[in-house]
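[1] Sequence and predicted structure, then a few things I'm wondering about:
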Amino acid sequence: MELAAPLQGRNQDVDLAARRSARSFWRIAWRRFRRNAIAVASLVVLLALFAVAALGPAIAPHDPNAVNILLPHGEPSGEHLLGTDESGRDVLSRLIVGSRASITVGLVAMVIAVSIGALVGSLAGFLGRWVDAVLMRFTDGMMAIPYFFLVLIVVAVFGSSFRNIVTVIGVTSWMVVARIVRGDVLRYRSFEFVVAAQALGASGRRVLFRHILPHTVPSILVAATLGVANAILLESALSYLGLGIQPPQASWGNMLSNAQAYLWDNPKLPMYPGLLILVTVLAFNFLGDALRDALDPQAREGGP
Amino acid sequence: MIAYALRRLLQAVVLLFIVSVVTFALIHAAPGGPAVLANPDLGREQIARMSERMGLDDPLPVQYLRWLGNVVRGDFGVSYSTVEPVPDLIWSRLPNTLLLTGLALVIAIALAVPLGVLCAIRRNSMLDRLVAGFTFFGVSIPVFWLGIVLIVLFSVQLRLLPGGGISTLGEDFSLVDRLKHLVLPVSVLVVGNLAELTRYTRSGMISVLGEDYVRTARAKGIEERGVIVGHALRNALVPVVTVIGVLLPRAVSGAAITEAVFSWPGMGRLAVEAATTRDYPVVLATTLTVAVVVIFSSLVTDLVYGYLDPRIRLG
């Protein structure tokens, strides 16, 4: 809250009131979220996954890269709960360690995408005029290129290190966030409290960061959650094609491409990593959808 | 309408220009330049001579204009790995991709429109909820994994359909054989696109059903069927046309991955192979060709949209 000098003394009260109403907004949202069984289940699944990814090798029953030439395509047993792959490596251990690639790529790429998208969107929406026109045409242009081919070029040129993959996915998936933020900024720019802040002499930067952007947090949160889902899908696709995480380091994607080579010997092998990708992405998508319901029930697609 | 068409055409050209600059700049940002020069068998003088002959010493804008001039004349150079002229490679692959993507899109639209309409009319019914659930799976399932699962099921276990390729080796071309090879990859792509299209048809239909003219049509005593098909659907389909334009880049990306799964000799697989071997001329050419196809198709959908809805071209 930006107030003129004579009102300085009351500034704190107003700030406090604003913070309290913000807190109750999140509390109400949480209450709504909690009632959604699928959403809570998704959250639990994801927290469990985060824990597994964080612990990684510490909870893997075997060394994920330990080869056992005596036991290729081993059946599930007490020793190897999900069996072994073509080189006799423990499938469960590789799945556990492989979760790290998906989760980290998904989260880091999302942070990059949200940062770029929020920056572009808020600049376009707040400054308007030619800045808006140029930035939004650029956004449209980026959306028109089949992003998969863009990713291919970058990987071909710069190689497929972990850093490159994350950067590429982040840099090619900010457009949706930019559009959402721009729409929100445009909407809130004409609200009374923003006009009031401007009338009280708040600088453009303060109006944007203090008064407008906080209102875009809910929709950014939703877009970010859905963005993680897409980033995980893209990473697994790249690794599957041999352009992502490189073997022997395990990732769900490259485990799938390995498994495809031995479909006739071991048709069960591709099921585990694929199901894990599906469950993870599904959980992120359910979570994003539930967040949208909880944070802005009016925005529900198709109306009441 | 002509002014609108010209404006869209100009935008498409600008878009293509941006795409060409971005791809060209990316390729030339490669550390150490094109991979041919990184050949350890070459001496320093040979590298210098080659790089001069290839014009790599000129300033980047000059190189870009020369490259653009060649590209406009259809000269994409030769593939680094197979030494074939790049356009020949593209022309041998592009029809396969168009067949796969086109067929999948047509089937997806044919299924999505009636499904979306039904869901809109019977909102919150069993069917609607079922479709909503399926939509989540549709956007969450990794297409390449779905492909593998179908191969395991129909090729490995049931032995009904071929698990990859475009025709049976050593057999002459036959329509049945081609169709058999199409079933699995097309099914994968239909699942990928169906979810989104259904959702858009549904929400387009729901918003149209609330319009005044729909109420008027009902008030005039037109039977419900006529209201839905004659009045509502026509207008609900207008936004669906644009969604197809928006969906296209993603459909093409999905097709590229699907091609890799099923060893389908199309543009996507070509691009993946080229990216793996760092075959720059081929990577550049595939990206540009795909971009041209996509931009051209969305231009067409935009023109159709503008034709169907005057508000768009005048707005």
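    Here it is on my side, so go on. Model, not experiment: these values are computed from the prediction.
[2] Name the nearest residue to A:Ser77, ignoring sequence neighbours.
    Once flanking residues are discounted, A:Ser77 sits nearest to A:Gly83: 7.4 Å by Cβ to Cβ, 6 or more residues apart in numbering or on different chains. Every residue, glycine included, has its C-beta placed from N, CA and C.
[3] quick one: contacts for that neighbour?
    For A:Gly83, the contact set (Cβ atoms under 8 Å, 6 or more residues apart in numbering or on different chains) comprises A:73-77, A:91, A:266, A:268-269.
[4] repeat that with 10 Å
    A:71, A:73-77, A:90-92, A:266, A:268-269, A:272 (Cβ atoms under 10 Å, 6 or more residues apart in numbering or on different chains).
[5] Among those, which lie within helices?
    A:91-92, A:272 (DSSP state H).
[6] any idea which of those residues is the one closest to chain B?
    The shortest approach to chain B among those belongs to A:Tyr272, at 10.6 Å (Cβ to the nearest Cβ).
[7] returning to that earlier point: could the ones in helices among the contacts of A:Gly83 go into TSV alongside distance to B:Arg178?
    TSV is the format used below for the ones in helices among the contacts of A:Gly83 (distance: Cβ to Cβ, whole Å):
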residue	distance to B:Arg178
A:Val91	37
A:Leu92	41
A:Tyr272	34
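[8] List the residues that contact residue 115.
    Because you didn't say which chain, this covers chain A. A:170, A:174, A:177.
[9] Chain B was what I was after
    By Cβ under 10 Å, 6+ apart, the residues touching B:Leu115 are B:127-128, B:131, B:134, B:194, B:197-199, B:201-202.
[10] what about A:Gly141, which helix or strand?
    Here A:Gly141 is covered by helix A:129-144, with elements defined by DSSP states H and E.
[11] How about that helix, which residues are buried there?
    A:132, A:135-136, A:138-139, A:141-144 (16 or more other Cβ atoms under 10 Å in any protein chain shown).
[12] same for it, what does it pack against?
    Counting contacts by 3 or more Cβ pairs under 10 Å, 6 or more residues apart in numbering or on different chains; DSSP states H and E, helix A:129-144 packs against helix A:91-127, helix A:175-189, helix B:2-28, helix B:234-261, helix B:280-308.
[13] Now tabulate these in JSON lines and tack on distance to A:Phe50 and mean pLDDT.
    Shown next, in JSON lines, are these (distance: least, Cβ to Cβ, whole Å; pLDDT from 0 to 100):
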{"stretch": "helix A:91-127", "distance to A:Phe50": "7", "mean pLDDT": "87"}
{"stretch": "helix A:175-189", "distance to A:Phe50": "22", "mean pLDDT": "83"}
{"stretch": "helix B:2-28", "distance to A:Phe50": "34", "mean pLDDT": "82"}
{"stretch": "helix B:234-261", "distance to A:Phe50": "27", "mean pLDDT": "78"}
{"stretch": "helix B:280-308", "distance to A:Phe50": "36", "mean pLDDT": "81"}
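[14] which bits of the stretch 1-150 of chain A sit near chain B?
    For the stretch 1-150 of chain A, the residues in contact with chain B (Cβ under 10 Å from any Cβ of the partner chain) are A:38, A:137-138, A:140-150.
[15] out of those, who's nearest B:Gln157?
    Using Cβ to Cβ, A:Phe148 is the member of the residues of the stretch 1-150 of chain A next to chain B that lies nearest B:Gln157, at 30.1 Å.
[16] That closest one and B:Thr258 touch, don't they?
    No: using Cβ atoms under 10 Å as the test, A:Phe148 is too far from B:Thr258 to be in contact (11.0 Å).
[17] Now the common contact residues for these two.
    Shared contacts of A:Phe148 and B:Thr258 (Cβ under 10 Å, 6+ apart): B:Gly268.
[18] ok, B:Trp108 to chain A distance?
    Rather than Trp, residue B:108 is Ala. 17 Å (Cβ to the nearest Cβ, to the nearest Å).
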